[in-house]
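Q: coordinates only, no sequence provided:
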């Protein structure tokens, strides 16, 4: 099963990513902008997701994705680590969030 260490390992593999502590838990930034955080009990993670896409994502897979009430007005979505298929799916979710804030010219394969 995937865990917070997998999130850390994959996130830190992206160019110019740094880990910081915010709100008492790990967050990951590229060029000073946060793209993933592992909140609370580390059974889930939060990534950037445009609100219109977020609604579709949650409707399609409510057991995997959700938004806590205090994040409803944001462009973030949470994902349950135990609901992910494998590390490849985790990588795809993280790289999508990373690309939303990474400077032009940086790429991830």
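A: Arrived safely. Remember, predicted model here, so these are calculated numbers, not experimental data.
Q: contact partners for the residue positioned nearest the centre of the chain?
A: Note on the chain: the residue nearest the mean C-alpha position is residue 47, at 2.9 Å, using CA atoms, centre = their mean. When contacts are counted by CB atoms under 8 Å, 6 or more residues apart in numbering, residue 47 touches 35, 36, 76, 77, 79, 93, 94, 96, 97. For glycine as for every other residue, the C-beta is placed from the backbone atoms N, C-alpha and C.
Q: and those residues, which of them are in helices?
A: Applying DSSP state H to the contacts of residue 47, the entries found in helices are 93, 94, 96, 97.
Q: do you know how far the last one is from residue 79?
A: Between residue 97 and residue 79 the distance is 10 Å, computed by CB to CB, to the nearest Å.
Q: and if you look at the third one?
A: Summarising the geometry, the distance separating residue 96 from residue 79, computed by CB to CB, is 11 Å.
Q: can you map out the helices along this protein?
A: The residue ranges that make up the helices of the chain, judged by DSSP H, are 4-12, 51-60, 87-101.
Q: residue ranges with poor pLDDT in this protein?
A: Residue ranges of the chain with pLDDT under 70: 109.
Q: which strand residues bridge residue 18?
A: For residue 18, the beta-bridge partners are residue 29 (DSSP bridges).
Q: need the contact list for it.
A: Going by CB under 8 Å, 6+ apart, the list of residues near residue 18 reads 28, 29, 30.
Q: let me see the contact set for the last one.
A: What it means is residue 30. Contacts of residue 30 by CB under 8 Å, 6+ apart are 14, 15, 16, 17, 18, 98, 101, 102, 103, 106.
Q: okay but the last one is in contact with residue 16, surely?
A: Yes. Counting by CB atoms under 8 Å, residue 106 does reach residue 16; the two are 6.4 Å apart.
Q: burial measure for residue 4, as a count.
A: The local packing of residue 4 (other CB atoms under 10 Å) involves 17 other residues.
Q: roughly how far apart are the closest residue to residue 43 other than its chain neighbours and residue 102?
A: The shortest distance from residue 43 to any non-neighbouring residue, by CB to CB, 6 or more residues apart in numbering, is to residue 81 (5.8 Å). With the distance defined as CB to CB, residue 81 ends up 23 Å from residue 102.
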